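Asks: Sequence and predicted model, in that order:
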Amino acid sequence: MTSVTSTVVRLKVSLIRNGLRQSAGRRAAFAVSAVIAVLFALAQLLGLLLLRGHAHAGVVAVVVTAVLALGWAVLPLFFPTGDETLDPTRLVLLPLRPRPLVRALLVASLVGIGPVCTLLILVGCALAPAHRTATYVFSVVAVALALLTCVALARAVAAANVRLLTSRKGRDLAVLSGLVIAIGTQLINFGAQQLGSAGGLGQLQPVADVLSWVPPASAMGAVQSANDGSYGIALAQLTVSAAGLGLLVAVWARSLTRLMTAPDGSTLQATGAGAPKRSSTGLARLLPDGRTGTVMERSLRYILRDPKTKAAWVSSLAIGLLVPVFNAVRGTGSVYLACFATGMLGMQMYNQFGQDTSAFWMVAMTISSARDASTELRGRALALLLIALPYTTLVTVLTAGLLGSWDQLPEALGLSFAVLGALLATGAWASARFPYSIPRDGHKNVTPGQAGLAWIAIFGGMASAALLCLPVIALIVWLNASTGGAAWTWLLLPVGAGYGTGLTLLGLRLAAPRAATHLPEILTAVSKG
């Protein structure tokens with residue numbers, strides 16, 4: 001009788017093969033990604049081998065193994081469709097017991113580009129600190145334990161969150177994967193720059209001392225310990241790694257059992273214990289009355305529920321904080337760089353009607369005059385300000401604190417508020433003058449054929465906002481350059497806030513008539529996605 005393991009492995013191979021048969025584009029993408037991944041893994045392997053003989057080769061091996069494990073843990077959350085066998089509910093109707101299923105899925109996890117690349121890097125991690133003959137024995141065991149722990153970690157995370165990954169929230173996480181990559185790149189860049197300073201790789205020693213007792217990095221710590229002649233410590237670290245793998249598999253098996261036997265929420269009756277309980281955040285009670293509050297609530301719900309809107313906001317919030325803070329930590333930044341965060345959020349005012357897509361017709365039905373359009377745009381601007389104002393203040397204060405430039409805080413805040421007002425003004429006008437559609441599917445943010453509109457709206461609006469802020473910038477330069485002017489820079493805070501408020505009101509007033517008289521054109525433009 002054919003074993004469950006061989007069947008699941010052949011199923012995994014068939015899924016890969018049949019996926020490649022769908023189109024030539026998929027085959028080309030798979031081939032290119034495989035070549036790039038393998039070349040990257042080989043480069044890592046070569047780099048680790050070049051560290052042989054370095055005093056901190058074992059430290060690097062432990063840290064790299066921990067980073068690999070973290071990647072395997074995060075991978076299923078942001079790329080749930082990368083491996084269809086990650087969803088065990090597809091096998092729920094088959095008469096399978098948990099233990100054979102766990103074993104089969106664990107072996108099947110070793111099939112693919114990811115495990116091969118991980119194996120190459122782990123081999124480099126094991127060989128980098130190894131010099132004694134006995135150490136190579138520990139290296140073989142360490143590589144096997146680390147690789148199995150990585151794939152088991154991915155499976156356990158996927159099994160524990162499979163309901164999430166197959167829901168709308170799971171698709172939202174997939175949309176945010178680009179943000180995670182961007183932030184991770186910034187963190188790696190920052191870490192590499194720190195390591196390049198005085199101290200070098202030795203700065204990782206305290207981190208490696210802790211990670212060398214945390215699976216699966218403890219397996220690579222055992223290689224270093226064995227190379228130092230501490231075979232007892234090496235055996236203890238291998239035992240910790242094996243115990244971690246066993247505990248992880250047990251948790252995975254328990255999640256599988258619960259997942260394969262518990263009823264799905266969609267099959268429960270809508271009454272009684274299975275009925276979902278309503279929860280009210282009380283948001284409507286905190287917002288203004290009338291249409292303004294309704295528009296604000298709708299805009300805030302877009303941010304929370306629409307995947308594209310949520311991705312744009314989270315990206316702006318994260319990157320807007322990282323750039324000024326990272327530069328401040330490195331000592332190369334300026335308190336004025338906090339305006340970058342303001343700009344990231346202010347750009348969310350552009351193409352306000354595009355996020356409504358074809359549903360904009362319901363909004364259009366409620367607009368019969370320029371006053372209605374002004375109220376609509378004002379509600380959207382207030383919803384943005386509800387987040388942007390405290391966020392801008394927080395980033396500016398944090399940047400000033402890290403740099404120790406408290407004397408420049410009032411002028412930096414004043415400039416940030418002026419920039420925000422200018423972006424709200426130009427964003428409202430651009431939304432009415434250059435609307436474009438946002439595709440619901442895929443990662444594109446502009447429908448083909450409307451890229452020119454998007455470029456004009458965003459970059460033209462940003463350039464206009466910069467020009468509108470020139471009076472405040474000139475005032476900052478004049479006060480800082482003039483004798484005794486530094487004592488009056490605190491006035492820049494109310495001046496900048498008032499100037500930004502005036503720009504916002506002016507922009508809304510100019511954009512409202514255009515929006516009210518061109519509703520059919522706006523609806524056509526935003527309905528092409």
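Replies: Received, thanks. Numbers count the residues shown, from 1 in each chain.

Asks: Need the nearest residue in space to residue 121, chain neighbours excluded.
Replies: Spatial nearest neighbour of residue 121, excluding adjacent residues (Cβ to Cβ, 6 or more residues apart in numbering): residue 44 at 4.8 Å. (Each C-beta comes from the backbone N, C-alpha and C, glycine too.)

Asks: and what of residue 400?
Replies: residue 409 is the one closest to residue 400 (Cβ to Cβ, 6+ apart), at 4.5 Å.

Asks: If you tally nearby residues, what's the number for residue 421?
Replies: Neighbouring residues of residue 421 were enumerated by other Cβ atoms under 10 Å; the total is 30.

Asks: The one helix or strand it maps to - contacts with which helices or strands?
Replies: Element membership for residue 421 (DSSP states H and E) is helix 409-433. Helix 409-433 is packed against helix 339-346, helix 370-403, helix 461-468, helix 470-481, helix 492-517, with contacts defined by 3 or more Cβ pairs under 8 Å, 6 or more residues apart in numbering; DSSP states H and E.

Asks: go with 10 Å
Replies: Contacts defined by 3 or more Cβ pairs under 10 Å, 6 or more residues apart in numbering; DSSP states H and E place helix 409-433 against helix 339-346, helix 370-403, helix 451-455, helix 461-468, helix 470-481, helix 492-517, helix 519-526.

Asks: closest to residue 203 out of those?
Replies: Nearest to residue 203 among these is helix 370-403; the distance by Cβ to Cβ comes to 20.0 Å.

Asks: can you list the domain ranges for the chain.
Replies: As recorded under automatic domain parsing, the domains making up the chain are 4-261, 287-526.

Asks: Mean pLDDT added to those, as JSON lines?
Replies: Shown next, in JSON lines, are the domains of the chain (pLDDT from 0 to 100):
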{"stretch": "domain 4-261", "mean pLDDT": "79"}
{"stretch": "domain 287-526", "mean pLDDT": "85"}
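
Asks: wait, what's in contact with residue 144?
Replies: Taking Cβ atoms under 10 Å, 6 or more residues apart in numbering, we find residue 144 in contact with 119, 122, 126, 219, 241, 242, 245.

Asks: Identify, from these, the entry nearest to residue 345.
Replies: Ranked by distance to residue 345 (Cβ to Cβ), these are led by residue 122 at 41.6 Å.

Asks: Touching, the closest one and residue 151? I think so.
Replies: No - judged on Cβ atoms under 10 Å, residue 122 makes no contact with residue 151 at a distance of 11.5 Å.

Asks: Between the two, point out the one with more neighbours.
Replies: Neighbours were counted for residue 122 and for residue 151 using other Cβ under 10 Å; residue 122 has more, 29 against 21.

Asks: Relative to residue 64, how far out is that one?
Replies: Using Cβ to Cβ, to the nearest Å, one gets 9 Å for the distance from residue 122 to residue 64.

Asks: got any residues that touch both of these two?
Replies: In contact with both residue 122 and residue 64: 44, 48, 220, using Cβ under 10 Å, 6+ apart.

Asks: picking that back up, out of the contacts of residue 144, who's the most crowded?
Replies: Using other Cβ under 10 Å as the neighbour criterion, residue 219 leads these with 34 neighbours.

Asks: and that residue, what is it in contact with?
Replies: 61-62, 65, 122, 125-126, 138-139, 141-149, 212, 234, 237-238, 240-242, 244-245.

Asks: Let's see which of these end up in helices.
Replies: Taking DSSP state H as the definition of helices, the contacts of residue 219 contribute 61-62, 65, 122, 125-126, 138-139, 141-149, 234, 237-238, 240-242, 244-245.

Asks: rewinding a little: show me what contacts the residue nearest to residue 121?
Replies: 64, 68, 117, 120, 121, 122, 123, 124, 125.

Asks: and residue 130, backbone torsions?
Replies: Main-chain torsions, residue 130, degrees, to the nearest 10: phi -90, psi 130.

Asks: how much space between it and residue 49?
Replies: Using Cβ to Cβ, we find residue 130 at a distance of 11 Å from residue 49.

Asks: just residue 241 next, same as before
Replies: 23 Å.

Asks: Pretty sure residue 380 sits against residue 351.
Replies: No - look at residue 380 against residue 351 with Cβ under 10 Å: they stay out of range, at 11.0 Å.

Asks: Now the common contact residues for those two.
Replies: With Cβ under 10 Å, 6+ apart as the test, residue 380 and residue 351 both reach 427, 431.

Asks: before we move on, back to that, name the stretch among the helices and strands packed on helix 409-433 that sits most buried.
Replies: Comparing the helices and strands packed on helix 409-433 by mean neighbour count (mean count of other Cβ atoms under 10 Å), helix 339-346 ranks first with a mean of 25.

Asks: helices and strands around that one, which ones?
Replies: The contact analysis (3+ Cβ pairs under 10 Å, 6+ apart) places helix 339-346 against helix 307-330, helix 370-403, helix 409-433, helix 461-468.

Asks: Buried residues of the next helix or strand after it, list them for me.
Replies: Toward the C-terminal end, the helix or strand that comes next after helix 339-346 (DSSP H and E) is helix 360-364. Within helix 360-364, the residues scored as buried using 16 or more other Cβ atoms under 10 Å are 360, 363, 364.

Asks: Contacts for helix 360-364 next, please.
Replies: Identification of contacts with helix 360-364 by Cβ under 10 Å, 6+ apart yields 295, 298, 352-354, 356, 372-373, 376, 435, 437, 515-516, 519-520, 522-527.

Asks: redo that, cut-off 6 Å
Replies: 353, 519, 523, 526 (Cβ atoms under 6 Å, 6 or more residues apart in numbering).

Asks: Stretch 236-252 too?
Replies: 145, 148-149, 152, 155-156, 159, 215-216, 218-219, 221-222.

Asks: Would you mind listing the buried residues in it?
Replies: 236, 237, 238, 240, 241, 242, 244, 245, 248, 249, 252.

Asks: farthest pair in those?
Replies: Longest span within these, Cβ to Cβ: 236 and 252, 24.5 Å.

Asks: Apart from its chain neighbours, what residue comes closest to residue 124?
Replies: Nearest residue to residue 124, sequence neighbours excluded (Cβ to Cβ, 6+ apart): residue 48, at 3.2 Å.

Asks: so who does that neighbour touch?
Replies: Residues in contact with residue 48 (Cβ under 6 Å, 6+ apart) are 124, 125, 128.

Asks: Could you rerun that using 7 Å?
Replies: Applying Cβ atoms under 7 Å, 6 or more residues apart in numbering to residue 48 gives the contacts 61, 124, 125, 128.

Asks: can you tell me the helix or strand for the closest residue to residue 313 other than its chain neighbours?
Replies: Distances taken as Cβ to Cβ, 6+ apart put residue 303 closest to residue 313, at 5.2 Å, once the chain neighbours are dropped. Residue 303 belongs to helix 290-305 when assigned by DSSP H and E.
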